[in-house]
Every structure is written in structure tokens, then in C-alpha cells.
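K.L.:
One predicted model, sequence on top.
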Amino acid sequence: MNQPARTAHTETEAIPAFCQGIQYFAPAWPGFAEHASQPAIAAHAQAISDAADPAAAYQTLLAADALRYLTLQICAAKSSGHPGGFASSAEVYASLVMLGHTNIVTEVGHHAPGFYSAMFLDSSLEEMGITTVQHMRERFREKHGLLGHLSGAIPGLLAPAGPLGQGQHFAMAGAFLHPGTLFPVTIGDGGMGEPYVLNSMMHFNTAYPTVTNFLPALIWNGYSQEHHSMCTTWSNEEMIAYWRGHGFEKVLLVNAKDFDDRNQSGAYVDSSLFSHKQRLAFAAAVLQATDAAAKSALGGARTAIILKQLKGSGVHKLGAKSHNLYPADTLDAEHIVTALQRRALNPQAWQIVRDNFSRAGGGPSAKTAVTEHVLPLPSLPPLPIKEFALSDKQVPATAFGALVAFVGQHDKNFVVTNADGNEASAMANINVALKIRHPVQDDLYHQGPAGQVYEPLNEDACAGLAVGLALFGSRSIWLSYESFAINGWPIVQTVTQAMAELRRKTPSLVCMFTAGALEQGRNGWTHQRPEIENYFAAQMRNGNVYPLFPCDANQIQAAYEWALGTYNKGIIVIASKSTLPVYTTLEQARRGIADGAATIYESAVHERTAGKKTVVFAVTGDMVLLPVFEAKDKLEAAGHRVRIVSIANPRRLYRPSDVAWDTVSEPDNAFMDDDHFNALFDGDALIAVSGGPSGPLEPVLLRTRAARRDVMAWKRGETTASAGEIMAFNGLTADAMLARATAMLG
């Protein structure tokens with residue numbers, strides 16, 4: 001499939017070395033000598049000097065076709081990949097580059113081959129040994145190459161793109177952290193079916209009205225991946241109104257149909273079929289509109305640009321049929337050959353495009369993108385950790401909130417996101433200290449325009465901004481009810497995977513989920529969804545994901561202290577908002593987080609228990625310790641010994657071979673050794689207990705030497721009057737634990 005390149009041109013000009021692997025060349029376009037004798041971006045410039053310059057428009061169109069050509073050829077080299085969506089964005093992407101705006105992200109993972117083509121043209125891919133088109137063909141959609149959907153690990157690319165509806169979060173995070181730099185984000189109209197794209201931007205526009213330096217670029221091409229897009233019947237006026245209704249003051253729309261001189265039917269047309277004159281006119285219009293949009297966004301107006309042109313413009317097929325390549329779509333297939341020959345350029349044109357792209361924005365994106373450098377962070381003073389006395393009763397969430405507030409007071413870029421309200425999660429202290437970000441000043445509700453607490457009533461928007469800030473190098477935290485966290489979790493999974501691949505350090509993304517299932521009796525099963533903990537547990541094997549289960553108010557402080565000192569990890573803290581006993585000293589708490597687990601109770605050795613059998617409770621959670629300690633009393637009364645071990649950081653309890661720790665950035669190979677593990681969990685019977693599901697208990701169940709072991713965990717939700725009643729419904733009572741232990745001991 002990677003046969004040697006063939007040429008079909010009559011020029012005598014030399015072929016640049018990077019072009020090795022280009023299948024076809026063609027004679028120069030009309031007007032080439034006049035408009036492309038030298039790059040439109042001068043040798044020491046970062047952008048074209050005049051968007052109205054005909055030479056700039058001419059070279060923008062050259063770049064658009066170069067992008068189309070490479071996108072199709074690398075996909076066809078593997079008979080796989082997605083060329084159609086990016087093909088309809090080519091003019092606006094090329095315009096952004098020519099204007100020097102190269103910190104571009106996308107909401108569309110299917111645009112990956114186009115973004116890779118851009119990184120090749122500006123020479124960024126040389127960082128990974130891809131110096132020719134042939135190399136790019138060989139390494140597209142291969143391990144250690146150019147994966148099928150975008151990753152921020154690829155030199156020059158700012159952020160991942162896979163699931164739809166995520167890219168705008170990265171653009172907004174970049175704009176927040178880098179005033180004065182434009183962050184365009186391409187959005188597909190297929191992705192407009194995702195409910196949160198415009199919704200999340202509307203809340204951001206309201207909360208941060210002066211942060212306007214992100215530029216959504218809607219690629220309105222009429223199709224999603226297998227059918228017409230859901231907004232395909234809208235008029236131009238309806239689409240503009242839709243964006244204005246979400247807080248965008250200026251919306252520019254360039255419609256390819258206005259330039260069509262081939263009488264194409266329908267509202268969406270293929271600009272590559274226009275006459276050369278009209279193709280240039282269309283490119284000039286896109287370039288000038290993009291320039292106006294960029295200046296508007298950088299000038300303080302919330303701005304969006306819309307490019308309306310048929311999906312697949314300039315490649316092998318049109319509409320949704322252009323979306324994906326299949327086994328029959330080879331480089332020798334007639335329809336692929338024809339499409340590549342239509343887009344073929346002369347060798348000098350390729351050099352012009354490379355010169356422009358490698359100069360745009362100040363140099364190759366691999367050197368100049370904001371995410372290619374570690375973002376300086378303000379140093380933090382020692383956290384004001386308060387050690388609570390053993391057997392004292394404290395609210396873990398409130399103790400945690402005090403530290404979050406402290407971080408925000410010393411780091412003005414620090415953002416706290418929460419959809420359901422900090423006050424409802426016993427963390428009103430955060431709102432008091434940092435204020436909810438809101439255009440209405442109201443001291444009663446601790447809100448104001450300069451607040452650091454971002455509260456869209458949408459977990460996707462909460463998670464999105466928090467993880468975007470972390471990926472781009474800043475501290476942040478997402479706070480939620482555990483029961484609703486699943487609504488925002490997909491982008492967290494995306495970013496933790498991206499962090500595992502990054503070539504730079506970035507602060508770990510931290511989440512804290514309160515109001516566990518056991519606390520939500522009156523609210524019923526709608527608020528009792530701890531099953532997400534199994535999702536976290538599955539991700540522990542990835543190598544950089546750490547669900548933490550602090551057992552009390554001391555250990556939750558130790559958990560956040562530890563998290564703030566880590567990099568490139570995803571850390572999820574699960575804790576209650578109820579008043580609960582303190583079981584650990586601060587030293588024990590820290591050791592439990594660092595080691596993975598710690599003994600928080602062990603029966604004293606005395607004459608009555610000497611030689612008696614030992615029951616070990618291995619527990620994740622805090623509230624569920626109440627029936628465990630009650631069961632301990634009953635077992636001791638029956639003459640047994642009991643050890644209660646709090647599993648605070650279960651990822652540390654796996655065996656090294658269980659976890660892909662050595663495949664990730666900032667690797668962590670701290671795993672509890674067998675001697676320490678056995679000292680904690682050896683007994684005559686081991687009962688692993690969780691107030692949530694059983695997944696986080698897996699490391700203990702894998703390694704324990706106890707011949708008799710069992711699990712007591714969450715089953716399902718129900719409306720109850722108390723935490724005790726919901727625990728009883730799930731079989732998590734002291735009597736049930738006593739009966740289980742007694743049966744196990746025989």
C-alpha cells in the first residue's frame with residue numbers, strides 16, 4: 001500500500017526533499033509567477049502583511065489544496081481515516097495559518113489527518129522523525145506514529161480530539177491562560193448535535209466576558225459522518241441567530257455558494273469545482289473574513305466565523321460518503337487517483353506552502369505552540385493543614401474545601417468548577433473565600449464578576465474547563481456529586497490519556513466528588529450512582545489514574561496535599577459531606593496516601609484474644625466505616641481479633657506488572673511490596689468492604705494470601721430515610737458483617 005511515489009508533471013523544477021512520497025505533481029496554476037514567486041509570509045515575519053493582497057489569497061488557496069492532497073493521500077495509503085470533514089475546512093484552516101494564528105484546536109477528532117498534514121507542512125513532525133511525505137504515509141494510524149484521532153502528544157498539536165463536543169473547552173482554557181493569543185477551534189456541524197458545545201461557550205461568555213480571544217470556526221458542510229447534519233435545513237440567518245443567542249456579538253459567515261459558477265444544486269457546494277478565478281475569489285473572501293474575525297476576537301468582541309461549504313470539497317467523494325475510507329479506497333483506486341490528480345500541485349508550490357507554514361506564528365508549531373512549554377506556576381506556601389484529634393468528628397468535605405480556598409487565594413489562575421453547588425457539598429468555605437463567578441454582584445450568595453468558582457449547571461462544562469486548564473499547564477479542580485460526575489467524565493478520561501503521553505510536565509488534574517450514595521437516602525436512586533467508582537478503578541491500570549478514598553478529615557487533607565505535588569496524573573478524591581469520626585493522625589493519614597493503605601484499628605493483644613482468629617476488614621470509603629467499627633465490637637465480644645485497614649490509594653496496592661506505569665509521562669512505580677502488603681492484609685478471614693462498588697478493591701483481592709475472603713459492596717439504590725437504612729438495603733450492616741465473618745471462620 002506504500003508503493004513508491006509516481007509523478008505526473010511536465011515541469012523541470014527540482015522536487016523538494018520533503019516531497020518524497022507525493023504521488024502526483026502538476027503544472028503550475030495560472031498566475032503562479034505573478035503571485036507565488038516568493039512566500040507571502042516574509043522570511044522574518046510571522047504572518048502575511050495584508051489579507052487583501054491577491055498573492056496572499058493565491059497562496060492561501062495553494063495551502064488549502066496542499067492540505068487536501070496530503071489528507072487524502074495519507075488516508076488512502078492505509079485505506080483508512082477521515083478526509084472529508086477537514087477537506088471542507090481547508091480554506092479557513094489555511095487562512096488562520098497565513099494570518100499567523102497557529103494555536104489551533106479542534107472539536108473534531110475526524111479532522112486528524114488534516115491537522116497532521118499541517119504539522120508536516122510546518123516541519124513540526126520532524127520532531128518525531130517524519131521528514132518526508134513517505135514517512136507520513138508509513139506512520140499514519142500506526143503505533144508510535146500518527147494515531148487515528150488527534151493527540152496533544154503529536155508535536156505542535158495543543159490538545160486531543162476524539163469524542164465530539166470537547167474541543168471548545170481547550171480553546172477557552174487557552175484563551176483564559178494566554179491573553180492576547182488567539183485560540184481558534186474548528187467545530188463540525190455534525191458535532192452540533194452534541195448538546196454542550198454552544199451551551200458551554202455561552203456560560204463562559206457570560207462568566208468571562210472579557211476573555212474573547214478564542215475563535216470558534218464552524219465548518220458547516222451539511223453532513224455528519226453517516227447522514228445529513230441535524231442543522232442542514234437551517235437558513236444562514238437561523239445559524240447566525242443561533243450563535244448570537246449563545247453570546248457571540250459578531251458572527252461572520254462565508255458561503256461557498258455565493259461564488260459558485262458551476263450551477264451546483266443545493267445549499268452546500270464544492271468550491272474545488274469552481275473556475276480558477278472563482279476559487280481565488282472564494283479563498284480571498286475566507287482569508288479576509290478570517291482576518292476580520294481574528295481581529296474582532298482579539299479586540300474584545302465575542303466572535304465566531306462560519307464556513308459553509310460541502311463536506312468532502314476537493315477530495316474523492318462528497319457529503320457523508322467522503323467521511324471515511326474503506327479497504328477499497330486504495331492509492332490505486334481510480335476515484336482516489338483522480339481526486340489526487342485534481343489536487344496535485346507543482347513542486348515549487350509545495351516549497352512555497354512549506355515556507356509559509358514554517359514561518360507562520362513565529363516558527364513551527366512544535367516550537368511555538370503555547371503547550372510546547374511548561375506554564376510557570378505561582379509557588380504555594382505550605383498548606384494550612386489542620387490536624388484533628390482522634391475520635392473527633394469532622395466533615396471531610398469542609399476540611400478539603402479550606403485547602404482549595406487557600407490554593408485559589410495564592411494562585412489567581414486557579415479555577416474551581418462545580419455544577420451542583422459547593423454549599424450543597426459542605427464546601428461553602430470555597431465560595432466565601434473565592435466567590436462564584438457571576439456578572440451579578442451579591443454578597444449574600446458570595447458571587448461577583450471576579451470570582452474563581454465557575455458554576456455552569458452542566459457537568460460537561462465543569463469538567464471541560466477544569467481539565468482544559470490542567471492540560472494547558474494550570475492548577476484547577478472539578479468538584480461534583482459523585483452521582484452526576486459521569487456526565488462530565490468522558491473529557492476527563494480524554495485528558496488523563498493525553499497527560500499520559502505528554503512530552504512536558506503539567507499539574508495533575510484533580511477532582512473531588514462528594515455526596516456519595518450512602519448520604520443520599522432521601523434523594524433516592526437518582527443521587528445514588530457510585531458505580532462510576534468502577535470506571536475509576538478500571539482506569540487505575542492505565543498508569544496515571546488514582547482514585548483516592550480518604551477515611552476522614554485528616555486524610556482528605558493529606559490527599560490534596562499529595563495531589564498538588566504530582567504531575568500528569570488524574571486524581572479523584574471520594575469523600576463524604578457528613579460529620580464523621582477521625583480515625584487517623586496526620587502522620588498516619590499521609591502514610592496511607594503515600595503507601596496505599598494503613599491500619600486504622602487493630603485489636604489489642606491480651607490474654608482473652610491470644611491465639612484467637614483474626615478478621616481483616618479492607619475498606620474503601622469513610623461513612624461505611626461506621627458499620628465496620630460496629631462489627632468490630634461484635635466480633636471482639638465474640639472473642640475474635642480484628643484489624644481494620646483503610647485503603648486510601650488502591651493504585652499503589654497493585655503489583656507493578658498489573659499497571660502500565662512505565663508507559664506514561666512522569667511514571668510512578670511506587671507499589672507496596674509484599675512484606676508490607678501481607679502485614680496489612682494477612683488474617684484468617686478478609687472481608688473487603690466498600691460503600692460503593694467493588695472495583696477499587698481489586699488490588700487487595702488479587703494479592704491477599706487469605707484463603708477465606710469475601711466482598712461486601714454496593715448493590716443498588718433506593719429511597720431511604722437515613723444512611724443506615726440505605727446501607728441495610730445493600731447488606732452493609734454490622735450484623736451482616738458479623739454473620740459473614742462468623743461463617744468464614746467456620
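P.N.:
Ah, there it is.
K.L.:
check which helix or strand covers the nearest residue to His446 once chain neighbours are set aside.
P.N.:
Spatially, and ignoring its direct neighbours in sequence, His446 is nearest to Asn431 (4.1 Å; C-beta to C-beta, 6 or more residues apart in numbering). Where C-beta positions appear, they are placed from N, C-alpha and C, glycine not excepted. Here Asn431, judged by DSSP states H and E, is contained in helix 428-434.
K.L.:
if we can go back for a sec, these two touch, right, the residue nearest to His446 and Glu455?
P.N.:
No. Applying C-beta atoms under 8 Å as the test, Asn431 and Glu455 come out as separate, 9.1 Å apart.
K.L.:
remind me which residues of the stretch 51-200 of the chain are low pLDDT?
P.N.:
In the predicted model of the stretch 51-200 of the chain, residues 193-195 satisfy pLDDT under 70.
K.L.:
Which stretches in it count as helices?
P.N.:
Counting by DSSP state H, counting those that start in this stretch, the stretch 51-200 of the chain has helices at residues 54-78, 84-87, 90-98, 112-121, 133-139, 167-177, 197-207.
K.L.:
So for the fifth one, what gets flagged as buried?
P.N.:
Looking back up the chat, that one is helix 133-139. Val133, Gln134, His135, Met136, Arg137, Glu138, Arg139 (16 or more other C-beta atoms under 10 Å).
K.L.:
so when I look at Arg279, I'm seeing a helix, right?
P.N.:
Yes. Assessed by DSSP: H, G, I helix; E, B strand; the rest coil, Arg279 belongs to a helix.
K.L.:
So it is in contact with Arg262, correct?
P.N.:
No. Counting by C-beta under 8 Å, Arg279 stays clear of Arg262, with 10.7 Å between them.
K.L.:
The two: which is more packed in?
P.N.:
Legend: neighbour count by other C-beta atoms under 10 Å for Arg279 and Arg262, higher for Arg279 (24 against 11).
K.L.:
what sits against that one?
P.N.:
Counting by C-beta atoms under 8 Å, 6 or more residues apart in numbering, Arg279 makes contact with Leu61, Phe259, Ser271, Ser272.
K.L.:
Contacts only, for the first one.
P.N.:
When you say that, I think you mean Leu61. Contacts for Leu61 (C-beta under 8 Å, 6+ apart) come out as Glu91, Ala94, Arg279, Leu280, Ala283.
K.L.:
returning to that earlier point: sort out which of the contacts of Arg279 are in helices and list them.
P.N.:
Within the contacts of Arg279, residues falling in helices by DSSP state H are Leu61.
K.L.:
OK, contacts around the most centrally placed residue in the chain?
P.N.:
Nearest to the mean C-alpha position of the chain, by C-alpha atoms, centre = their mean, lies Val495 at 3.2 Å. Val495 sits next to Pro160, Val467, Gly468, Ala470, Leu471, Leu509, Gly570 when contact means C-beta under 8 Å, 6+ apart.
K.L.:
ok, the second one to Ser365 distance?
P.N.:
As defined by C-beta to C-beta, to the nearest Å, Val467 lies at a distance of 22 Å from Ser365.
K.L.:
likewise the first one?
P.N.:
Using C-beta to C-beta, we find Pro160 at a distance of 15 Å from Ser365.
K.L.:
coming back round to it: kindly reformat the buried residues of helix 133-139 as TSV containing distance to His438.
P.N.:
Converted to TSV, the buried residues of helix 133-139 look like this (distance: C-beta to C-beta, whole Å):
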residue	distance to His438
Val133	52
Gln134	55
His135	51
Met136	48
Arg137	52
Glu138	53
Arg139	48
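K.L.:
and of the residues you listed, the nearest to Pro216?
P.N.:
Nearest to Pro216, judged by C-beta to C-beta, of these is Met136 at 28.5 Å.
K.L.:
contacting residues for the closest one?
P.N.:
So Met136 contacts Gly21, Leu70, Ile74, Tyr116, Ser117, Phe120, Leu125, Ile130, Leu146 (C-beta under 8 Å, 6+ apart).
K.L.:
Now the helix holding Asn431: buried residues?
P.N.:
Under 16+ other C-beta under 10 Å, the buried positions of helix 428-434 are Asn429, Ile430, Asn431, Ala433, Leu434.
K.L.:
Nearest to Gly314 among the residues you listed?
P.N.:
Leu434 (49.6 Å).
K.L.:
any idea of the pLDDT on that closest one?
P.N.:
Leu434 carries a pLDDT value of 98.
K.L.:
I'd guessed it sits against Ala402; true?
P.N.:
No. Look at Leu434 against Ala402 with C-beta under 8 Å: they stay out of range, at 11.6 Å.
K.L.:
Quick check, Pro163 in contact with Thr494.
P.N.:
Yes. Pro163 is within contact range of Thr494, at 6.6 Å (criterion: C-beta under 8 Å).
K.L.:
neighbour-wise, which of those two wins?
P.N.:
Taking other C-beta under 10 Å, Pro163 and Thr494 do not tie; Thr494 has more neighbours (26 against 16).
K.L.:
Skipping its backbone neighbours, what lies nearest that one in space?
P.N.:
Residue nearest to Thr494 in three dimensions, not counting chain neighbours: Pro160, with 5.4 Å by C-beta to C-beta, 6+ apart.
K.L.:
and the one you found, how many neighbours?
P.N.:
By other C-beta under 10 Å, the residues close to Pro160 number 28.
K.L.:
Please tell me how far it sits from Ala498.
P.N.:
4 Å.
K.L.:
Overlap in contacts, those two.
P.N.:
By C-beta under 8 Å, 6+ apart, the residues touching both Pro160 and Ala498 are Ser151, Gly152.
K.L.:
Quick check: Pro16 touching Pro347?
P.N.:
Yes. Pro16 lies in contact with Pro347 (C-beta under 8 Å); the separation is 6.2 Å.
K.L.:
Look at these two and report which has more neighbours.
P.N.:
Legend: neighbour count by other C-beta under 10 Å for Pro16 and Pro347, higher for Pro347 (20 against 14).
K.L.:
The closest residue to that one other than its chain neighbours - how many residues pack around it?
P.N.:
In space, Pro347 comes closest to Ile15 once its chain neighbours are excluded; the distance is 4.5 Å by C-beta to C-beta, 6+ apart. For Ile15, the neighbour count with other C-beta under 10 Å is 18.
K.L.:
Can you lay out the buried residues of helix 428-434 as a markdown table showing distance to Asn413?
P.N.:
Output for the buried residues of helix 428-434, formatted as a markdown table (distance: C-beta to C-beta, whole Å):
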| residue | distance to Asn413 |
| --- | --- |
| Asn429 | 20 |
| Ile430 | 16 |
| Asn431 | 18 |
| Ala433 | 16 |
| Leu434 | 12 |
